[in-house]
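S.K.: Here is a sequence with its predicted model. Questions after.
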Amino acid sequence: MCGGEGTRLRPLTFERPKPCIPIVNRPSIQHLVSHLADLGFTDVVITLGYLSGAIEEALGDGALFGVDITYVHEKTKLGTAGSVLNAREFLDGQDFLVVGGDHVTDINLLEFFREHRRERPIVSIGLISIDDPSEYGIAEIDVNYTIRRFKEKPGPGEIFSNLASTGIYVCSPEIFSFIPPATKFDFARDLFPLLMAEGHRLRAWLARGNWTDVGSPASLRQAQRWKLDELPFSSFMGDISIKGGQITGPLMFGTGVTIGRNCRITGPVAIGSGTIIEDDVLIGPYTSIGDRCTIRRQAKIFSSHFCNGVTLGRNSTASGSIIDNDTVIGESCSIENDTVIGPRVEIRDRSVVHSKTRIWPDVVVAEGSVVREHLLNENYDIRIAGS
C-alpha cells in the first residue's frame, strides 16, 4: 500500500512519496521489496496514489529485485482496505499478505503467512510489543491468539495492551464481501470492528524482529540505523581517494569519493558517489551521506542522514539530523538532534537550529540566527499531522 501523502514526515515528502525517502542511499521501498523477495514473495501488487511515478521509477517491473510487480492506481482516496479491494482482480482469489509501502522490517513474514494458512482465520494481524503504542492500533489477545479487543490509536486510559498492530496482515479473500466499493474504508478503523461485531475470528501473530512504519523523523533514523547495522563488511565502488586519516568499517562507499587529510570515519557509515570530504572531518557511526555532497574542513557529523547534493560548511556540526537534497549549511553552524531540514534550504554562517525543529523547502536562514521553532514556507502546505 503506497497511497499516503506522508504528512507527518514533511518537509521530506513534498517532492517524493514516503516509500521513496532514501535509507542508506536507496529508496526505502527497495529495501522492503528485496526483503519480500528473499522470503519468496515474488508476485507483488502495489496500490498507488500520491506521487506514484517515483515509486514506479524506483522499482520498475520488479525484475531487478526478483519479483513481478503490478501497479494499481487510485483515482480517489479509498483508505487502506478500499485500496486493496481496488486491486482485487490481481489477487487471484487466494490468501494474500498486506504490507505498508513505508515499512522497514526484517520480520519473517513467510512464517506469518504460513501460520495464517494453517489456522484459517478470516484475517491475521501482525502484532509487536512497543514502548509507546498510542499512535497505533492495539490488541488484547487470549491464549489461542484470538483477538478479543482492538482499539485504533488509543487515548489515555485506553491503552490496555502494548501489542501494537504493525499494519501487516494476512487476509483471506472472504474479506472483500465486507468492504464497500468506491468508498474510503480502512482496515483498522472500519473493517476489523465490523468483522469482530459479526463474530468472525481475527487472529494475532506475534512478530519478532525489527519493524517501523517510518511515520516520524525518529523512526526514520531508527530504520536507517538498522540498515546500517546490516552492512557486513566495507565495500567500495570504482575510484576512491583517501589522503590519510583513520577509517574504521563497516563502510559502504560509492564511486568517486574523495576523503581529505586527517579525517576520522567510524562505521557503520554509507557515503554516496561523487561526495567530497575535506580535511580534518569527523564522521561518527550510523551516518549516511548521499551523492555529490560536500563536507567542508573541520566539520563533524554524528548519526545523521544527508540526501544528495548537501553542503556542510567548515567547522559546522550535524547531530541526529535529516537534511534533504541540495541544502547548503554555512560555516560554524550547529544542527541539533531530531531536526529535519527540507530541500534547497540555505542556512547561513554561525546559525543554530534547535532540536525537534523543521525547516520547509527553499527557506533562507539569516546569518547568526537561532532557530527555535519550525520555519515554514507559505508556498507549501504546513500540515504535519495525518498519514
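M.R.: Okay, I see it. Note that the structure is predicted; figures quoted are calculated from it, not measured.

S.K.: Which residue ranges of the stretch 1-150 of the chain form helices?
M.R.: For the stretch 1-150 of the chain, helices defined by DSSP state H, counting those that start in this stretch occupy the ranges 28-39, 52-59, 79-86, 109-119.

S.K.: To residue 306, which of those helices lies closest?
M.R.: Residue 306 sits nearest to helix 28-39 of all the helices of the stretch 1-150 of the chain, at 15.7 Å, using CB to CB. Just so you know, the C-beta spots here come from the backbone N, C-alpha and C atoms, and that holds for glycine as well.

S.K.: elements contacting the closest one?
M.R.: helix 52-59, strand 104-105, helix 109-119 (3 or more CB pairs under 8 Å, 6 or more residues apart in numbering; DSSP states H and E).

S.K.: And for residue 69, nearest residue in space, chain neighbours not counted?
M.R.: In space, residue 69 comes closest to residue 62 once its chain neighbours are excluded; the distance is 3.6 Å by CB to CB, 6 or more residues apart in numbering.

S.K.: Please work out how many residues are found near that neighbour.
M.R.: Residue 62 has 18 neighbours, counted by other CB atoms under 10 Å.

S.K.: What does it show for phi and psi?
M.R.: The phi and psi values for residue 62, taken as degrees, to the nearest 10, are phi 90, psi -10.

S.K.: re the thing from before, point out the most buried one among the helices of the stretch 1-150 of the chain.
M.R.: For these, the largest average neighbour count (mean count of other CB atoms under 10 Å) is found in helix 79-86, namely a mean of 23.

S.K.: could you dump that one to PDB, C-alpha only?
M.R.: What follows is helix 79-86 as a C-alpha-only set of coordinates in PDB (Å, rounded to 0.1, in the frame of the first residue of the first chain):
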ATOM      1  CA  GLY A  79      -8.500   4.000   2.500                       C
ATOM      2  CA  THR A  80      -6.300   1.000   3.300                       C
ATOM      3  CA  ALA A  81      -9.000  -1.600   2.900                       C
ATOM      4  CA  GLY A  82     -10.600   0.200   0.000                       C
ATOM      5  CA  SER A  83      -7.300   0.300  -1.900                       C
ATOM      6  CA  VAL A  84      -6.800  -3.400  -1.500                       C
ATOM      7  CA  LEU A  85     -10.400  -4.000  -2.800                       C
ATOM      8  CA  ASN A  86      -9.400  -1.900  -5.800                       C
END
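
S.K.: Identify the residues contacting it?
M.R.: Applying CB atoms under 8 Å, 6 or more residues apart in numbering, the contact partners of helix 79-86 are 1, 3, 47, 49, 72, 74, 78, 98, 167, 171, 175-176, 179-191.

S.K.: Next step: the residues you listed restricted to strands.
M.R.: Applying DSSP state E to these, the entries found in strands are 47, 72, 98, 167, 171.

S.K.: Which residue comes closest to the residue most central in space within the chain once chain neighbours are left out?
M.R.: Centre of the chain computed as the mean C-alpha position; nearest residue by CA atoms, centre = their mean is residue 214, 3.7 Å away. Closest residue to residue 214 apart from its sequence neighbours, by CB to CB, 6+ apart: residue 102 at 4.7 Å.

S.K.: how about that neighbour, phi and psi?
M.R.: phi -100, psi 10.

S.K.: Same question for residue 224.
M.R.: phi -60, psi -40.

S.K.: Test my guess that it contacts residue 24.
M.R.: Yes: between residue 224 and residue 24 there is a contact under CB atoms under 8 Å: 6.3 Å.

S.K.: so what's in contact with those two at the same time?
M.R.: residue 288.

S.K.: before we move on, back to that, residue 136: which of the helices of the stretch 1-150 of the chain is closest?
M.R.: helix 79-86 (13.4 Å).
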